[in-house]
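K.L.:
Structure of the sequence below:
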Amino acid sequence: MYLDKEKKQEIFGQYGKSNTDTGSPEAQIALFSYRINHLTEHLKSNHKDYTTERSLKKLVGKRRRLLDYLYRIDIERYRAIVKALGLRK
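P.N.:
Have a look, this model is predicted:
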């Protein structure tokens, strides 16, 4: 499996407040970004996999909503996570 418990804890530890911080917007955005990158690579070789394409679009929308939320509440945290993950905008 591409996303096991150890990988999640690593992502949460790097972008959240701790390894068990699963609720902060930064940790969720980082997890969504990891999943989006994985699905993007999958779709490059399986371009007719429409179910995965739909899932990818849903994940991108969730990440966008979280980024918009973070932008509204704390612009500095928003800028930090966008820079750390290398997202556009």
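K.L.:
Which pLDDT value does the model give Lys89?
P.N.:
The score at Lys89 is 58. That number is its pLDDT.
K.L.:
what's the longest helix seen in the chain packed up against?
P.N.:
Longest helix of the chain, by residue count under DSSP state H: helix 50-73. Based on contacts counted as 3 or more CB pairs under 8 Å, 6 or more residues apart in numbering; DSSP states H and E, the elements that helix 50-73 packs against are helix 25-45, helix 75-85. To be clear about C-beta, it is placed using only N, CA and C from the backbone, and glycine gets the same treatment.
K.L.:
Okay, angle between the first one and helix 50-73 too, please.
P.N.:
Read that as helix 25-45. 150 degrees (axes from the mean of the first three to the mean of the last three CA atoms, to 10 degrees).
K.L.:
quick revisit: of all the helices and strands packed on helix 50-73, which one is nearest Leu59?
P.N.:
Closest to Leu59 of those, according to CB to CB: helix 25-45, at 5.3 Å.
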